[in-house]
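Engineer: Show me the folded form of this:
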Amino acid sequence: MTPNKIKVRLREFVKAKGLSVNQFEKRSGLAHGYLAYNGSSSADKLEKIFNAFPALNRNWVLFGEGPMDMVPRDEEFARSQVELVGRSQAPLQETGTINLYDIEAAANLKSLMADPNRNILGQIVIPNIPKCDGAVYVRGDSMYPLLKSGDIVAFKMVNPDLREIIFGEMYIVSFDMNSDEYLAVKYIKKSDKGDDHVCLVSYNTNHAPKDIPLSAIRAIGLVKLTIRMNTMV
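Structural biologist: The predicted model follows:
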């Protein structure tokens, strides 16, 4: 059986941290033998691992991108990896206030940001948060269980340009395909189709990655904050 790359990286993490496989599995709440089995890694089991080891870099585990740990070992390393940990290094917003928008009323992200004083459902107030341009409710299950329908994502708008996209980060993307408009929250990876495309990747493994042309993107925002809605009432 071909080794599962995620399992290979997890075993590398266990060895680097000086843990036994048994210690890792117990701490993560996983069944004995999880790491030994080379089958696929379900999203719920990966979430248990990330909860047990919060410094473990999701992008490294899922895609082999960036450092193993989210916490840099020294100042020089931190500067060299600033794009990979950009969200935690972002300037703080003094007021801690973000507008929560009705994206469905605005139709798409581009028209929403064209007039930021309209379609406001309310405001989110949290001290010491990264500067964001707005927040919207999540729809669908493509990022489940990391995000579920009804959760909130806050974002900072960026240009749909390869020079500004940080591959492996989570974005909210408004794009056109076959004359239809779509809005999605996805990880963005490099595309095998070349620099004129990007690959949209879901956390939910039931959703296949999708390559789209950069020219199809109408608006894009880097997700800087997520809020879990445990109940809608």
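
Engineer: okay, now the closest residue to residue 177 other than its chain neighbours: neighbour count?
Structural biologist: Nearest residue to residue 177, sequence neighbours excluded (CB to CB, 6 or more residues apart in numbering): residue 216, at 6.1 Å. Yep, even glycine has a C-beta here, placed from its N, CA and C like the rest. Counted with other CB atoms under 10 Å, residues neighbouring residue 216 total 16.

Engineer: Likewise for residue 40?
Structural biologist: Applying other CB under 10 Å, we find 10 residues neighbouring residue 40.

Engineer: domain ranges for this structure?
Structural biologist: 5-88, 93-227 (automatic domain parsing).

Engineer: what's the average pLDDT for the last one?
Structural biologist: Mean per-residue pLDDT for domain 93-227: 90.

Engineer: Return the distance of that domain from the chain's centre.
Structural biologist: Its chain's C-alpha centre and that of domain 93-227 lie 10 Å apart, by CA atoms, centre = their mean, to the nearest Å.

Engineer: The first one too?
Structural biologist: The gap between the average C-alpha position of domain 5-88 and the chain average comes to 15 Å, counting by CA atoms, centre = their mean.

Engineer: Where do the helices of this protein begin and end?
Structural biologist: Secondary structure of the chain, counting by DSSP state H: helices at 5-16, 21-28, 43-52, 58-63, 75-80, 86-89, 103-106, 109-114.

Engineer: Take the ones you listed and lay them out in JSON lines including mean neighbour count.
Structural biologist: Below are the helices of the chain laid out as JSON lines (neighbours: other CB atoms under 10 Å):
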{"stretch": "helix 5-16", "mean neighbour count": "16"}
{"stretch": "helix 21-28", "mean neighbour count": "16"}
{"stretch": "helix 43-52", "mean neighbour count": "16"}
{"stretch": "helix 58-63", "mean neighbour count": "19"}
{"stretch": "helix 75-80", "mean neighbour count": "10"}
{"stretch": "helix 86-89", "mean neighbour count": "14"}
{"stretch": "helix 103-106", "mean neighbour count": "16"}
{"stretch": "helix 109-114", "mean neighbour count": "19"}
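
Engineer: Residue 154: which of the ones you listed is closest?
Structural biologist: When the helices of the chain are compared by CB to CB, helix 86-89 sits nearest residue 154, at 10.6 Å.

Engineer: Leaving out sequence neighbours, find the closest residue to residue 155.
Structural biologist: Closest residue in space to residue 155, ignoring its immediate chain neighbours: residue 221 at 3.2 Å, by CB to CB, 6+ apart.

Engineer: how close does the residue nearest to the spatial centre of the chain get to residue 16?
Structural biologist: The chain has residue 170 as the residue nearest its centroid, 3.1 Å off, counting by CA atoms, centre = their mean. Distance from residue 170 to residue 16, counting by CB to CB, to the nearest Å: 25 Å.

Engineer: now swap in residue 122 and tell me
Structural biologist: Separation of residue 122 from residue 16 (CB to CB) stands at 44 Å.

Engineer: Same check on residue 191?
Structural biologist: As judged by CB to CB, residue 191 and residue 16 stand 30 Å apart.
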